[in-house]
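Student: return atomic coordinates for the entry below.
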Amino acid sequence: MRDLKNDVASILISEEQLDKIVTRIAADIDRDYSGDDKKLVLVCILKGSLVFMGDLMKKIKVPVEIDCMKVSSYGAGTESSGQIHISLDLIRPDINECDFLIIEDIIDSGCTLSHLTKYLKLKGAKSVKTCTLLDKPSRRKVEFIPDYVGTEIPDEFVIGYGLDYAEMYRALPFVGILKPEVYTK
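Tutor: Numbers count the residues shown, from 1 in each chain. Below is the predicted model:
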């Protein structure tokens, strides 16, 4: 059996660091959504954000609902195509009563979250904010600033804690830098 950890060049964010980041973001969300007039719905962008959102929602103290969307701007490679494809949409009868917080694993180009924010507002959302675990502002193709950011990272190909390459590495408990020879073969 192949040990996926052998494909990791280095650990960028440890399990302990991830826990501290998630705890900090949860506290910020609690502060911002503590009003009685809020109906907070966490929207997990599948599949990469699943681990992050699972940990985050356990630490948030204000009442939350959860929902999921499956959205992609990537083809088979490692570069964003820039075209957004929604394969699992958000369908709710109460959309105009909801304060949506889109949960993303990583922002590169900014195209996906920029598009989704506008999309949910056009569908009638009461409010839409964004939260990302990892941010690569050096890769932006559109002007976009997320509302909640775990940490900025360098322009490296990262895996683990939900992030994948070819559907592998998601279960690693840390964020690591994938060895280039793995994805340039």
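
Student: please count neighbours and contacts with C-alpha atoms only from this point.
Tutor: OK.

Student: burial count for the nearest residue to residue 18 once chain neighbours are set aside?
Tutor: Using C-alpha to C-alpha, 6 or more residues apart in numbering and skipping residues adjacent in sequence, the residue nearest residue 18 is residue 174, 7.4 Å away. A count of nearby residues for residue 174, using other C-alpha atoms under 10 Å, gives 22.

Student: pretty sure residue 174 is touching residue 13, no?
Tutor: Yes: proximity of residue 174 to residue 13 meets the contact threshold set by C-alpha atoms under 8 Å, at 5.9 Å.

Student: element containing the residue nearest the centre of the chain, please.
Tutor: The residue lying closest to the centre of the chain (C-alpha atoms, centre = their mean) is residue 104, at 1.4 Å. Under the criterion of DSSP states H and E, residue 104 resides in strand 99-107.

Student: re the thing from before, check contacts around the residue nearest to the centre of the chain.
Tutor: 44, 45, 48, 49, 130, 131, 132, 133 (C-alpha atoms under 8 Å, 6 or more residues apart in numbering).

Student: now with 10 Å?
Tutor: By C-alpha atoms under 10 Å, 6 or more residues apart in numbering, residue 104 lies in contact with 43-50, 52-53, 112-113, 130-135, 146, 149.

Student: pLDDT wise, what is it at?
Tutor: Per-residue confidence (pLDDT) for residue 104: 97.

Student: can you tell me the element the spatially closest residue to it that is not a sequence neighbour falls in?
Tutor: Closest residue to residue 104 apart from its sequence neighbours, by C-alpha to C-alpha, 6+ apart: residue 132 at 4.7 Å. Using DSSP H and E, residue 132 falls within strand 127-135.

Student: for residue 115, which non-adjacent residue is spatially closest?
Tutor: Per C-alpha to C-alpha, 6+ apart, closest to residue 115 is residue 84, 7.5 Å.

Student: let me fix that, I meant to ask about residue 148.
Tutor: In space, residue 148 is closest to residue 131, 4.5 Å off (C-alpha to C-alpha, 6+ apart).

Student: same check on residue 11?
Tutor: residue 176 (4.2 Å).
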